[in-house]
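*Asks:* Just the structure for this:
(one chain, ligands or ions: 1)
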Amino acid sequence: MANTLTALSFNNSYDIAIIGAGPAGMSAAITASAAGARVVVLDDKPRSGGQIYRNVDASPLVKPAVLGDDYLKGSQITAAFKRSEAEHIRGVNVWHVGDNGEVLFSLEGETQRLTARQVIVATGAMERPFPIPGWHLPGVMSAGSAQVMLKSDGIVRDGAVFAGTGPLLYLIVAQYLRLGVKVKALVDTTPKKNYVRSMSEVTGALSAPAMLIKGLGLMNEIRKSGTKVYRFADSLKVMGDDAAAGVSFCVSGTSHEIVCDHVFLHQGVIPNLNMTRALGLQHHWCVQQLCWKPTTNNWGQSSQGFVSVAGDSSGIVGAESAAAMGRVCALGQLVNIGLMSEPQAVTEAANDQKFMARQQHFRRFIDCLYQPIDQHRKPVDDNTIVCRCEERTVKDLKQGFAQGGREPNQLKSQTRCGMGPCQGRMCGHTVSELLADWRNEPVDDVGYYRLRTPMRLVTLQELSRFTDVKPTVTPTAVNSEELDSCEKGSSLQEKAQ
Ligand SMILES: Cc1cc2nc3c(=O)[nH]c(=O)nc-3n(C[C@H](O)[C@H](O)[C@H](O)COP(=O)(O)OP(=O)(O)OC[C@H]3O[C@@H](n4cnc5c(N)ncnc54)[C@H](O)[C@@H]3O)c2cc1C
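*Replies:* Down below sits the predicted model:
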């Protein structure tokens, strides 16, 4: 049985520490513990499940079925995780992972420490920031946050406008409608040109017909509900001075305004970078998904040999691929710690690796169709806030750039953009893309903020009470040539040959 630890009863030394108990982290834990590894999973939520299966075992809804079959089937993996021998430390914020395998986390206001020979980062995704005029006003939230409130506490908001693009947006609107909640309008910002462009990837989409049918089904459901849908919208703005009072947008040059108190924005998800960045892992800019990703090989192994990255924190793959990737990462680490032979890992990983490759075809179609438009990622209006923590606008950044802030860290020290408590989560991608445009250079050359521990907010009081820093394990770094060769498609098997 998986031990769920909320008190201070964990061991302080493990073979594998996994950060995140979503599909990626849970399946990694199930695989690794079944092979005899001592595994611990740390997660900030009170229950396992991650974003997609949040609260699947304790839904506050009378009929959780309204959240869909994909949600309900999460109880299979949470049950398998509970049956496994992996230990689960829940409700904790991991705020440091050291290159000595040390993991520090906050548990009930106290920092605790454990060490692991290998670490799997499975911290998932976050919603892509939507820096349009008024996105910082009270009454504006991400659609994902609206879904979090629904899944966690059964709280919904009547009469809201949902705006943006991507399958998750349609799913959340459909979940609202199934509950009988009135949605004032869906403002779809997917441009016409994306429908044309994505035709080149349509064969990939046909390789996963069930997903395609699911997506079409959601749109049909929304259409049949009579909800007002505006398609091909651009120039989206949230109106209001002190709070959201509505949205304005254009469709084929015609302006529209909708009065409302609540606006839920969404334009896809991007990897949650704070941990992989603070660990100093190599990253690259993914042109297909327009986001930074940690650079990994086919086994999810990063530029630091003892760290693998699984699931959406490695690049957006979706829940089923996240689970497959978790298993593959675990197999790779079992080889690293000598609990499995390489040939056995290769055999056991084969089906998951094939599945992930197939899913990537479908993902290319989705990424192409739902690529958010430039003006909603790279704000043009001088007064639009980019950094919500420090309230820095496009104009402030332009001034910082003119004064020599040519890369994100320089710009940060000149303007304070990215210096707030979210540590750049809300502005980092925008800053990288804006600077790339202003410098007329690739985003990869511009880079990202240099992030450091603590990866999560920790109080000074908690820090001052923590004195127990005793590194014990010194894992080795991966040879960069080896990583490069893996990126080109080699696998452990190929390397062994
Ligand atoms: C808000 C939101 C809602 C989503 N809803 C859906 C949905 O309904 N359907 C769907 O198909 N996809 C949804 N997705 C996409 C979804 O993220 C993935 O498909 C899937 O959940 C990815 O699995 P994962 O295991 O990689 O990460 P996740 O499921 O995100 O799990 C990562 C876990 O790590 C925890 N974590 C992160 N950092 C730390 C830390 N420092 N310390 C401790 N714990 C930490 C997180 O809280 C989370 O529990 C959603 C994404 C977001 C951002």
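
*Asks:* what is the residue nearest in space to the middle of the chain paired to in the beta sheet?
*Replies:* Geometric centre of the chain, nearest residue: Ala125, 0.6 Å, by C-alpha atoms, centre = their mean. Bridge pairing for Ala125 (DSSP bridges) gives the partners Pro271.

*Asks:* Which pLDDT value goes with it?
*Replies:* Ala125 is assigned 98 on the pLDDT scale.

*Asks:* remind me, longest helix of the protein?
*Replies:* helix 342-369 (DSSP state H).

*Asks:* Give me the buried positions along it.
*Replies:* By neighbour count on 16 or more other C-beta atoms under 10 Å, the buried set for helix 342-369 is 342, 345-346, 348-349, 352-353, 355-356, 359-360, 362-369. The C-beta positions use only the backbone N, C-alpha and C, and glycine is treated the same way.

*Asks:* average model confidence for that helix?
*Replies:* Computed over helix 342-369, the average pLDDT equals 96.

*Asks:* what about the closest residue to Ala58 other than its chain neighbours, neighbour count?
*Replies:* Excluding its sequence neighbours, the residue lying closest to Ala58 (C-beta to C-beta, 6 or more residues apart in numbering) is Arg47, at 6.2 Å. Neighbour count of Arg47, defined by other C-beta atoms under 10 Å: 19.

*Asks:* Please give the number of neighbouring residues around the residue in the stretch 201-350 of the chain positioned nearest to the ligand.
*Replies:* Here the stretch 201-350 of the chain gets closest to the ligand at one residue, Gly311, 2.3 Å apart by C-beta to the nearest ligand atom. A count of nearby residues for Gly311, using other C-beta under 10 Å, gives 36.

*Asks:* For the protein, what lies in contact range of the ligand?
*Replies:* Applying C-beta under 6 Å from any ligand atom, we find that the chain lies next to the ligand at 19-25, 42-45, 50-52, 70, 93-94, 122-127, 144, 147-148, 168, 171, 269, 272, 275, 311-313, 318-319, 322, 455-456.

*Asks:* Filter these down to the ones in strands?
*Replies:* Members of those lying in strands (criterion: DSSP state E): Ile19, Leu42, Asp43, Asn93, Val94, Ala125, Met126, Glu127, Val269.

*Asks:* Contacts only, for the third one.
*Replies:* The neighbours of Asp43, taking C-beta atoms under 8 Å, 6 or more residues apart in numbering as the test, are Ile19, Gly20, Ala21, Gly25, Gly50, His88, Ile89, Arg90, Gly91, Val92.

*Asks:* I figured the fourth one hits Ile19, correct?
*Replies:* Yes. Between Gly25 and Ile19 there is a contact under C-beta atoms under 8 Å: 7.1 Å.

*Asks:* Just the element for Leu186, please.
*Replies:* Element membership for Leu186, per DSSP states H and E: strand 183-188.

*Asks:* Over that strand, what's the mean pLDDT, rounded is fine.
*Replies:* 98.

*Asks:* So which elements touch it?
*Replies:* Using 3 or more C-beta pairs under 8 Å, 6 or more residues apart in numbering; DSSP states H and E as the contact test, the elements touching strand 183-188 are strand 160-165, helix 167-178, strand 229-230, strand 233-239, strand 254-259.

*Asks:* if you set the cut-off to 10 Å instead, what comes out?
*Replies:* Strand 183-188 is packed against strand 160-165, helix 167-178, helix 209-224, strand 229-230, strand 233-239, strand 246-251, strand 254-259, strand 263-267, with contacts defined by 3 or more C-beta pairs under 10 Å, 6 or more residues apart in numbering; DSSP states H and E.

*Asks:* Just put the ones you listed in JSON lines and tack on mean pLDDT and mean neighbour count.
*Replies:* Listed next are those as JSON lines, based on pLDDT from 0 to 100; neighbours: other C-beta atoms under 10 Å:
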{"stretch": "strand 160-165", "mean pLDDT": "98", "mean neighbour count": "26"}
{"stretch": "helix 167-178", "mean pLDDT": "97", "mean neighbour count": "22"}
{"stretch": "helix 209-224", "mean pLDDT": "93", "mean neighbour count": "14"}
{"stretch": "strand 229-230", "mean pLDDT": "98", "mean neighbour count": "18"}
{"stretch": "strand 233-239", "mean pLDDT": "98", "mean neighbour count": "20"}
{"stretch": "strand 246-251", "mean pLDDT": "98", "mean neighbour count": "19"}
{"stretch": "strand 254-259", "mean pLDDT": "98", "mean neighbour count": "12"}
{"stretch": "strand 263-267", "mean pLDDT": "98", "mean neighbour count": "28"}
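
*Asks:* In JSON lines, list those along with distance to Glu462.
*Replies:* Shown next, in JSON lines, are the helices and strands packed on strand 183-188 (distance: least, C-beta to C-beta, whole Å):
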{"stretch": "strand 160-165", "distance to Glu462": "37"}
{"stretch": "helix 167-178", "distance to Glu462": "34"}
{"stretch": "helix 209-224", "distance to Glu462": "43"}
{"stretch": "strand 229-230", "distance to Glu462": "47"}
{"stretch": "strand 233-239", "distance to Glu462": "36"}
{"stretch": "strand 246-251", "distance to Glu462": "41"}
{"stretch": "strand 254-259", "distance to Glu462": "45"}
{"stretch": "strand 263-267", "distance to Glu462": "33"}
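
*Asks:* neighbours around Ala79, how many?
*Replies:* That count, for Ala79 with other C-beta under 10 Å as the rule, works out to 13.

*Asks:* right, I mislabeled it, should have said Glu441
*Replies:* Per other C-beta under 10 Å, the neighbour tally for Glu441 reads 12.

*Asks:* ok so it is a helix residue?
*Replies:* No. Applying DSSP: H, G, I helix; E, B strand; the rest coil, one finds Glu441 to be coil, outside a helix.

*Asks:* What about the nearest residue to Leu107 once chain neighbours are set aside, how many residues nearby?
*Replies:* Excluding its sequence neighbours, the residue lying closest to Leu107 (C-beta to C-beta, 6+ apart) is Val92, at 4.8 Å. Using other C-beta under 10 Å, Val92 is surrounded by 22 other residues.

*Asks:* likewise Pro421?
*Replies:* 9.

*Asks:* heads up, I number from 515, so please use that
*Replies:* Yes, from this point I'll number from 515; that puts the last item at Pro935.

*Asks:* isn't there a strand covering it?
*Replies:* No. Counting by three-state DSSP, Pro935 is not found in a strand; it is coil.
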